[in-house]
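> structure of the sequence below:
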Amino acid sequence: MLLSFRVSNHKSIRDEQTLHMQPVYDKSRPALPVAAIFGANAAGKSNILDALSFAVRAVRESFSSWTDGIPRTPFRLAPDYAARESTFTLEMQIGDVRYVYGFSANDERVTEERLHAYPHQRKRLVFERIGQEVKVGRDAKHRAQVELLKDLMPPTALFLSVAARSDLAEVRPVYKWFSRIEFASATAGVADEDRILRVMQTSSIRTRLFDLVRAADLGSTGIGIEYQLSANAANKVAQQIRQAMRQAQNDEPVDEFAILDGTEGVVRRLVFNFGQYGLGWSDQSRGTQIWLKCLLYTLWALDTGAVLVIDEIDSSLHPHLSAQLVRMFRSAKTNPRNGQLIFTTHDATLLGRQFGEDILARDEVWFVEKDDNYATSIYALADFKPRKDENTQRRYLTGSYGGIPNLFEGDFTDAVDGGFESSGRVAI
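You can find the predicted model right below:
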């Protein structure tokens, strides 16, 4: 579980900003299941998520891909920040142990990196890196291996990435945790149909996906897979089915889907049922495609206790569907493994209530603004100490919490009027 994320000097984020995932009110869970980030356009909401994505990609890819420098984007609207380091720190809980991992980097190299563990709430150094020098904790069991890894570590690579590739036991849990953070965009395409088709080979996910599509009232009575077989593929499939039936014991069912999916020359496509008619993926609305894509990642996060990050969750989705995604993570019944959802949105209805309950808890809401120097800051609704029965949706829209654009009707009218010459032609 992610407990907190800190970042400085990344895109519109100049000074250090922190997203906390620890509960403020209900301490029954070690971490919040949801964090929703609200704010005006161009305030930097997406940059908070982009900073998290950069840190995750650095752990996953720096050793194998970052050979020509650090592909970072520092704050560009102040003269000296381009030369300053960018810093990223994540606090996470893996099993019963809390870890804090962070690194700093400029355009050319990783300058600092550190990993601490807190078994039994006591701080323990796993490793600390300054430049190309790496120091390990007193109880480290692989000092000789670490010395060898230092020689393999390029200045652009994180030691965590190098050590994990070499299967260093001390860092394995943390590196594995980074592999369980997924970033989903609010777009959909052919690649998403292929991903859904692959996942639907798992019967438990396929059944839940079908049911959630029907529950969303998208017009379709269900979805299925249509197989198109060449003559050669059809013969192979028939032969494999007959062979499987001969080998089956005690009336064991034959998994024909597995045979179809595993045979070369078989083309699959999603089919959405509308009465007696069927339509393909490309025939569906953008909202239907986005809903299916979000469901796919959501089921994975709920099943594995992973972290799902979505930028603009409300894009092409009805507010009621966005609320249902949030509810799946907030419910202990549907989220027993403590999966987490972090998202940005403009949908103020998520600050309200549905079916008599708050869609978001007070400590699950964050706001983003830009200051007079165009730098992004993030702050929590909980900082305002709202009452439990407070109408947060109305107060947000009226500007009580900030995080909304400063709009004046006269500015829009004057801009349109001033853009036309007396001839009626647009002034270019």
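
> enumerate every residue touching Leu299.
205, 208-209 (Cβ atoms under 8 Å, 6 or more residues apart in numbering). C-betas here are computed from N, CA, C, even on glycine.

> switch the cut-off to 6 Å
Applying Cβ atoms under 6 Å, 6 or more residues apart in numbering to Leu299 gives the contacts Ile205.

> keeping just the C-alphas, turn the host helix or strand of it into PDB.
In the assignment (DSSP states H and E), Leu299 maps to helix 286-304. What follows is helix 286-304 as a C-alpha-only set of coordinates in PDB (Å, rounded to 0.1, in the frame of the first residue of the first chain):
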ATOM      1  CA  ARG A 286     -16.100   6.000 -26.100                       C
ATOM      2  CA  GLY A 287     -17.800   5.800 -22.700                       C
ATOM      3  CA  THR A 288     -18.400   2.000 -23.100                       C
ATOM      4  CA  GLN A 289     -14.800   1.500 -24.100                       C
ATOM      5  CA  ILE A 290     -13.500   3.500 -21.200                       C
ATOM      6  CA  TRP A 291     -15.800   1.700 -18.800                       C
ATOM      7  CA  LEU A 292     -14.500  -1.700 -19.900                       C
ATOM      8  CA  LYS A 293     -10.900  -0.500 -19.700                       C
ATOM      9  CA  CYS A 294     -11.300   0.900 -16.200                       C
ATOM     10  CA  LEU A 295     -13.100  -2.300 -15.100                       C
ATOM     11  CA  LEU A 296     -10.200  -4.400 -16.400                       C
ATOM     12  CA  TYR A 297      -7.600  -2.400 -14.300                       C
ATOM     13  CA  THR A 298     -10.000  -2.200 -11.300                       C
ATOM     14  CA  LEU A 299     -10.500  -6.000 -11.100                       C
ATOM     15  CA  TRP A 300      -6.700  -6.500 -11.300                       C
ATOM     16  CA  ALA A 301      -6.100  -3.900  -8.500                       C
ATOM     17  CA  LEU A 302      -8.800  -5.400  -6.300                       C
ATOM     18  CA  ASP A 303      -7.600  -9.000  -6.800                       C
ATOM     19  CA  THR A 304      -3.900  -8.200  -6.200                       C
END
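
> for the record, mean pLDDT for stretch 301-318?
Averaged over stretch 301-318, pLDDT sits at 91.

> circling back: toward the C-terminus, what is the element adjacent to the helix holding Leu299?
strand 307-310.

> so how far is that following strand from its chain's centroid?
2 Å (Cα atoms, centre = their mean, to the nearest Å).

> so what touches the host helix or strand of Trp177?
Using DSSP H and E, Trp177 sits in helix 172-178. Helix 172-178 has contacts (Cβ under 6 Å, 6+ apart) with 56, 59, 92, 94, 99, 101, 164.
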